[in-house]
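Trainee: Coordinates for the following, if possible.
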Amino acid sequence: MTDSSDASKAYRPTIGLEVHAELATQTKMFCRCKNDPNEPRANVNVCPVCMAHPGTLPTMNQEAIRQVLRVGRAVGANLADYTEFDRKSYFYPDIPKGYQITQFEYPFVAGGTLAGVPLTRIHLEEDTARSSHEGAESTSEVDFNRAGVPLMELVTEPEIHDAQTAGKFARELQLLLRTLGASHANLEKGEMRIEANISVSKTDTLGTKIEVKNLNSFRSVERAIEFEIARQSKLLDEGGVVLQETWGWDENSQTTFRQRSKEGSADYRYFPEPDLPKLKRSEIAEWSDEALLASLPELPAAKQARYVFAGLKEADADLIHADMRDAEFFDAVLTAIGNNSALVSLAGNYFISDLKGLLAKSDNNSFGKVTPDVFVELVRMAHAGDLSSRGAKDTLLKLYEDGGSPRAIAEANGFLQVSDTESLKKAVQEVIAANPGPVEEYKGGKEANIQFLVGQCMKATKGAGNPQVLKELLLEELAK
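Mentor: Numbers count the residues shown, from 1 in each chain. Here you go, the predicted structure:
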């Protein structure tokens, strides 16, 4: 990878994102063919309309339009009352008509913000077919199942200035689309596709942008941006010129590569689509502001804020809200805990550090036999001092594998924390007798040794001793 040290530090990067997301409708955008991204057979979800046979006419999928408007409402954008579709002319094997039906002058959505990034517009268009090139003789095949699938395009303002912010925005958009049920947004399936426009400049005047395509993971987005910032900075420092071009991203070499010169709007010869009517949002009840607002679930940003208000640390809330399955589990945990911020914070610690760790190691990445109610019982025991941190972890592992009651498991396996002073005093005395050196150093003023002695007592009690009680007993014995 190009070195991004001193050269790139002298330049200010500017990044704008263009994100395409296939909408999860039952049918395609302008015909009644099934919209099924998981169809294993090629060229079965096709008809004369999406294959552009002469004499066929498109009809609009109103549910696709409603979903784009819901996304716009969710990001606080302005929703147009009047809109229309346009023809965008370009010729590729995967464009049956030789043009794409899209929106140009009058998009459905303008403005709005997401993850602190301002948006330019969101519009609706139809997807292309899927081309594949493989085999020893470089055979090219085209699958038209995807041709005509409703495709939402979101464009940000060029106000992102680092790769991490771009990656965070893309992740938040995926989460929002899934929360709304508007798109499955799986990058690995091409249901969400990200392009980054990147430029660098030493002044407030924007540099010439490069559009990078083929970004099929969030890490690819971040790495491609970092690479381009470094490459363009080095090129300019060496007296070169950045041309406005389209580049691709090679995942294997972790580098960008030139594809073609970048087209402008004049190259596409936009003009209003003559076979589709103009639209007025005010004439469709399901598209009204009231109907759209009523259809929105709790949005990710609101969920994260609710978690923090309930008592979660901000970092834990950020991680939990970002996974819909985790959030569903933790919502049930919050319901069981009620209004107790200390318990909520402790539950967040054990969920992130321990339960999620068990999920990561499992084959099916599931919560195993740990239900929200059982998890809350475990957290209550840890909060009450019945379980040490070690005991809670060991109990949780048994729960995950076998299920059951946390208290019954802890009692059967000796995981319960011992706080009885009489039971612990013997262990304290044995540790003092076995460690004369550290004891003398402590008495000589090395107070940090008390933590070492507490650790030895915990070891002697096999992690069952209450560390606070053990410390108090040690101080009492050492003071004699």
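
Trainee: what about this structure, any weak spots by pLDDT?
Mentor: Flagging of the chain using pLDDT under 70 yields the residue ranges 1-8, 135-137, 262-264.

Trainee: Show the contacting residues for the most centrally placed residue in it.
Mentor: Central residue of the chain (C-alpha atoms, centre = their mean): R171, 3.4 Å from the mean position. Contact analysis of R171 by C-beta atoms under 8 Å, 6 or more residues apart in numbering lists 218, 322. (Each C-beta comes from the backbone N, C-alpha and C, glycine too.)

Trainee: Doesn't it lie inside a strand?
Mentor: No. Using DSSP: H, G, I helix; E, B strand; the rest coil, the assignment for R171 is helix, not a strand.

Trainee: Next, work out how far apart it and S405 are.
Mentor: Distance, R171 to S405, by C-beta to C-beta, to the nearest Å: 38 Å.

Trainee: show me where the stretch 251-400 of the chain has strands.
Mentor: 255-261, 271-272, 279-280 (DSSP state E, counting those that start in this stretch).

Trainee: Then the stretch 101-250 of the chain?
Mentor: Counting by DSSP E, counting those that start in this stretch, the strands of the stretch 101-250 of the chain are 109-110, 113-114, 117-126, 130-134, 139-143, 150-156, 192-201, 210-215, 245-250.

Trainee: The last one: which residues count as buried?
Mentor: So that's strand 245-250. Under the neighbour-count criterion of 16 or more other C-beta atoms under 10 Å, strand 245-250 has 247-249 buried.

Trainee: So which other helices or strands are in contact with it?
Mentor: Packing partners of strand 245-250 (3 or more C-beta pairs under 8 Å, 6 or more residues apart in numbering; DSSP states H and E): strand 210-215, helix 218-237, strand 255-261.

Trainee: what residues does it touch?
Mentor: 210-215, 220, 224, 228, 255-262.

Trainee: Next, the angle strand 192-201 makes with it.
Mentor: Calculated by axes from the mean of the first three to the mean of the last three C-alpha atoms, to 10 degrees, strand 245-250 forms an angle of 120 degrees with strand 192-201.

Trainee: Provide the strand pairings for strand 245-250, with the direction of each partner.
Mentor: Paired neighbours of strand 245-250 in the sheet (DSSP bridges): strand 210-215 (parallel), strand 255-261 (antiparallel).

Trainee: now do the fifth one
Mentor: Strands flanking strand 139-143 in the sheet, each with its direction: strand 130-134 (antiparallel) (DSSP bridges).

Trainee: now the second one
Mentor: Taking DSSP bridges as the criterion, strand 113-114 pairs within the sheet with strand 117-126 (antiparallel).

Trainee: and the strand it pairs with with strand 150-156, angle?
Mentor: Using the same axes, to 10 degrees: strand 117-126 against strand 150-156 is 160 degrees.

Trainee: Keeping just the C-alphas, turn strand 117-126 into PDB.
Mentor: What follows is strand 117-126, C-alpha atoms only, in PDB (Å, rounded to 0.1, in the frame of the first residue of the first chain):
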ATOM      1  CA  VAL A 117     -23.200  13.500   7.800                       C
ATOM      2  CA  PRO A 118     -25.400  15.800   5.700                       C
ATOM      3  CA  LEU A 119     -27.200  14.200   2.700                       C
ATOM      4  CA  THR A 120     -27.700  15.700  -0.700                       C
ATOM      5  CA  ARG A 121     -30.500  13.500  -2.000                       C
ATOM      6  CA  ILE A 122     -32.200  10.100  -2.100                       C
ATOM      7  CA  HIS A 123     -33.800   8.900  -5.300                       C
ATOM      8  CA  LEU A 124     -35.300   5.700  -6.800                       C
ATOM      9  CA  GLU A 125     -34.300   3.900  -9.900                       C
ATOM     10  CA  GLU A 126     -34.100   0.400 -11.400                       C
END
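
Trainee: Distance from that strand to the middle of the chain?
Mentor: Remark: strand 117-126 is offset 19 Å from the chain centroid, using C-alpha atoms, centre = their mean, to the nearest Å.

Trainee: List the buried residues of it.
Mentor: 117, 119-126.

Trainee: rewinding a little: go through the strands paired with strand 245-250 and name the closest to S288.
Mentor: strand 210-215 (36.0 Å; C-beta to C-beta).

Trainee: Which among the helices and strands packed on strand 245-250 is found nearest to F309?
Mentor: Among the helices and strands packed on strand 245-250, helix 218-237 sits nearest to F309 (C-beta to C-beta), with 27.9 Å.

Trainee: which parts of stretch 460-472 are buried?
Mentor: In stretch 460-472, residues buried by neighbour count (16+ other C-beta under 10 Å) are 460-461, 463-467, 469-471.

Trainee: First-to-last residue distance for it?
Mentor: 16 Å (C-alpha to C-alpha, to the nearest Å).

Trainee: what's that stretch in contact with?
Mentor: Under C-beta under 8 Å, 6+ apart, the answer for stretch 460-472 is 385, 388, 390-391, 394, 414-419, 421, 424, 427-428, 430-431, 450, 454, 457-458.

Trainee: got the strands of the stretch 101-250 of the chain as TSV, with distance to V75 columns?
Mentor: Shown next, in TSV, are the strands of the stretch 101-250 of the chain (distance: least, C-beta to C-beta, whole Å):
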stretch	distance to V75
strand 109-110	8
strand 113-114	5
strand 117-126	6
strand 130-134	29
strand 139-143	32
strand 150-156	9
strand 192-201	16
strand 210-215	21
strand 245-250	27
